[in-house]
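Participant: what's the 3D shape of this:
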Amino acid sequence: MKTEDIHLKYLAINQNDLLWGLAVNSVGTQAIAPGAHYPPTGHPARYLFTEQKGRVLHEYQLLYITEGQGWFNSASLPRRVRLSRGSIFLLFPGEWHTYAPDPETGWQEYWIGFNGAVIDSWTEKGFFTRENPVVQIGLRNDIVHLYNEAIQVAGDQKSGFQQRLLGVVTHLLGLAVFYGREEAFSEVNEQINRAKIIIDSDFRTIRPEELADRLCMGYSNFRKVFKEYTGFSPARYILEVRMTHVKEVLTNSMQPIKQIAYDMGFDNYDYFFTAFRRMTGMTPGAYRDMTQGKKL
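Facilitator: Residues are numbered from 1 along each chain as shown. From the prediction side, this is the model:
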């Protein structure tokens, strides 16, 4: 790596760009050689900082490390967090932070900076938090490709380039979440996928406790892991799968509704009726009429 291997672009954002909900104001990549000064010169004053003093930005930045290792710290963290190849981390506007590569290794970093109501909303909803800004996603060629695409688009600045960059940023954030969860659940991926296959096959009769037994897992641990992975408890996931099949049959047949409920594993029709209306906002009969194009 050579310290002079720097490609960066700083962009002006107009009000029309912000109306889209997200706009990019900086993007780039730089290779920092072992022992080199960090950060290197060539950046506007508002982006420069020292390891000791850190800085506060007025934008979000998503950074990705593909070579070397280092550390990161911010006002929301109790201590430094180690960074290595495959680390991706989010900087938040208005929050003090500092980071740097280890002098022995240097690093290759990519970054993209942005602002807008969309990312503000995602942060407010807790999808991205100051307390957990660093995610290990591994080395991903599609992530690097997106950063390089953003650098190229920002360099060309053709009409509508900000809207194309908006797509790149949302794609990057989505992949960061996806790959982060994939890495975090790498040890249980196979078991959860087995559970989902069993449910798809035996959704009419399978019970959560039986599912855990078939996977040789204690139920409380299985329920915790399954919910963290899928966002549903095992019982709710089974119910969702059953209801999906119910809706397919309601849409494509005139089979009696009570018979459909029974065939899909619901022994209690009143429970089925109440659950269906709660999940869809309409009765099974109204759902059938709507999906079959009948006048409501």
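
Participant: list the contacts for the spatially most central residue of the chain?
Facilitator: The centroid of the chain falls nearest to Val177 when counting by Cα atoms, centre = their mean (2.4 Å). The contact partners of Val177, by Cβ atoms under 8 Å, 6 or more residues apart in numbering, come to 127, 135. Yep, even glycine has a C-beta here, placed from its N, CA and C like the rest.

Participant: Recalculate using a threshold of 10 Å.
Facilitator: By Cβ atoms under 10 Å, 6 or more residues apart in numbering, the residues touching Val177 are 122, 127-128, 135, 137.

Participant: what do you get for Arg204?
Facilitator: 238, 241-242, 245, 262-266.

Participant: still on that earlier bit, that's a strand at the residue nearest to the centre of the chain, yeah?
Facilitator: No: looking at Val177 with DSSP: H, G, I helix; E, B strand; the rest coil, it is helix, so not inside a strand.

Participant: Name only those of the contacts of Val177 that count as buried.
Facilitator: Neighbour counting with 16 or more other Cβ atoms under 10 Å marks 122, 128, 135, 137 as buried within the contacts of Val177.

Participant: still on that earlier bit, and of the contacts of Val177, the nearest to Gln157?
Facilitator: Closest to Gln157 out of these is Trp122 (26.4 Å), distances taken as Cβ to Cβ.

Participant: Can I get the helix or strand Ser26 falls within as CSV, trimmed to CA atoms?
Facilitator: Per DSSP states H and E, Ser26 falls inside strand 23-32. The C-alpha trace of strand 23-32 is given here as CSV (Å, rounded to 0.1, in the frame of the first residue of the first chain):
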residue,chain,number,x,y,z
ALA,A,23,-27.8,13.0,-0.2
VAL,A,24,-24.0,12.2,-0.3
ASN,A,25,-21.4,14.9,0.5
SER,A,26,-18.2,12.9,0.5
VAL,A,27,-16.9,9.6,-0.9
GLY,A,28,-13.4,8.1,-1.3
THR,A,29,-10.8,5.5,-0.6
GLN,A,30,-7.2,5.7,0.7
ALA,A,31,-4.4,3.3,1.4
ILE,A,32,-2.3,4.1,4.5
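
Participant: Looking at the contacts of Val177, which are in helices?
Facilitator: When the contacts of Val177 are checked against helices (DSSP state H), the matches are Trp122.

Participant: And the furthest pair within the contacts of Val177?
Facilitator: Of all pairs drawn from the contacts of Val177, the greatest distance, 17.6 Å, lies between Trp122 and Ile137 (Cβ to Cβ).

Participant: what's the burial count for Gly68?
Facilitator: Neighbours of Gly68 under the rule other Cβ atoms under 10 Å: 21.

Participant: So it sits against Glu109, correct?
Facilitator: Yes: with contact defined as Cβ atoms under 10 Å, Gly68 reaches Glu109; the gap is 8.6 Å.

Participant: Need the overlap of contacts for these two.
Facilitator: Joint contacts of Gly68 and Glu109 (Cβ under 10 Å, 6+ apart) are 31-32, 83, 101.

Participant: and which of the residues you listed is nearest Ala212?
Facilitator: For the shared contacts of Gly68 and Glu109, the minimum distance to Ala212 (Cβ to Cβ) is 36.9 Å, reached by Leu83.

Participant: Name the helix or strand of this structure that has the lowest mean pLDDT.
Facilitator: Within the chain, no helix or strand scores below strand 6-10, which has a mean of 70 by mean pLDDT, DSSP states H and E.

Participant: ok, back up a step: which of the buried ones among the contacts of Val177 fall in strands?
Facilitator: Of the buried ones among the contacts of Val177, the ones assigned to strands by DSSP state E are Val135.
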